[in-house]
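K.L.:
sequence-free structure coming up:
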């Protein structure tokens, strides 16, 4: 039963991903020079970029050593001659070490606390086989660095696309770029509206912060079968 549900979800996700790719193509016309993939998981977004865009470099960030090892293996399988740099740390507001919850369903791994009483969590527990009575995550210590310092160290002048999928940590990733946020052309990020992840910030805070840095909302997408949206914001200095 769970395999059937996962199969159906994958079909809808592929249709949904095509909408995202088409919208990014309208913005970039297939040419994206520098991509930051924050919350790379197993390399799903990297493959989308490889399959659909011309690019020069991808900088990828994945804090979980478990996910990172799978990411490394998948990048090798792609056998791409293009420059893909994978980093085993998270991006946040400043440099630190922090507890990270490695979920059994690894794409839900998060820095945040979980509301076990939420309806969304209980549903996910059943359909994605967390196991109602089993341990659903392991804690691990991971490294966090800030986007500002990374951009300075790598001497990066412009980031064409910053993609963030960090399960409730997106706001802190964005704030970590500080004044180097002006170097980012487009930000593509996810925001959950379910009560499973305790984020300690709202979408309005992200919107206000981006607006104060001359970004404007370009697109909004409802994710299939999830109480979550993905947003594309563009920098008014470039668009």
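P.N.:
It's in. Since this is a predicted model, take the numbers as computed values, not measurements.

K.L.:
what comes up buried for the strand or helix carrying residue 66?
P.N.:
Assignment of secondary structure by DSSP states H and E places residue 66 within helix 65-78. Of the residues in helix 65-78, 67-68, 71, 74-75 count as buried by neighbour count, 16 or more other CB atoms under 10 Å. C-beta here means a position set from N, CA and C on the backbone, and glycine is covered the same way.

K.L.:
for stretch 230-238, same thing?
P.N.:
Within stretch 230-238, judged by 16+ other CB under 10 Å, the buried ones are 230-235.

K.L.:
can I get the residues you listed in JSON lines with pLDDT?
P.N.:
What follows is these, written out as JSON lines (pLDDT from 0 to 100):
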{"residue": "230", "pLDDT": "96"}
{"residue": "231", "pLDDT": "98"}
{"residue": "232", "pLDDT": "98"}
{"residue": "233", "pLDDT": "98"}
{"residue": "234", "pLDDT": "98"}
{"residue": "235", "pLDDT": "98"}
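
K.L.:
Switch these over to JSON lines; also include secondary structure and distance to residue 140.
P.N.:
Compiled in JSON lines, these are given as follows (DSSP: H, G, I helix; E, B strand; the rest coil; distance: CB to CB, whole Å):
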{"residue": "230", "secondary structure": "strand", "distance to residue 140": "27"}
{"residue": "231", "secondary structure": "strand", "distance to residue 140": "29"}
{"residue": "232", "secondary structure": "strand", "distance to residue 140": "31"}
{"residue": "233", "secondary structure": "strand", "distance to residue 140": "31"}
{"residue": "234", "secondary structure": "strand", "distance to residue 140": "35"}
{"residue": "235", "secondary structure": "strand", "distance to residue 140": "35"}
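
K.L.:
Out of those residues, flag the one nearest to residue 105.
P.N.:
Using CB to CB, residue 230 is the member of the buried residues of stretch 230-238 that lies nearest residue 105, at 18.8 Å.

K.L.:
Run through the residues that contact the closest one.
P.N.:
With CB atoms under 8 Å, 6 or more residues apart in numbering as the criterion, the residues that contact residue 230 are 20, 188-191, 220-221, 223.

K.L.:
Would you mind listing where this structure has pLDDT under the threshold?
P.N.:
Counting by pLDDT under 70, the chain shows low-confidence ranges at 1-12, 81, 124-134.

K.L.:
how far away is residue 47 from residue 183?
P.N.:
Computed as CB to CB, to the nearest Å, the residue 47 to residue 183 distance reads 25 Å.

K.L.:
Could I get the phi/psi values of the most centrally placed residue in the chain?
P.N.:
Ranked by distance to the mean C-alpha position of the chain (CA atoms, centre = their mean), the top residue is residue 165 at 1.6 Å. Per-residue torsions, residue 165: phi -140, psi 90 (degrees, to the nearest 10).

K.L.:
Thank you kindly, that will do.
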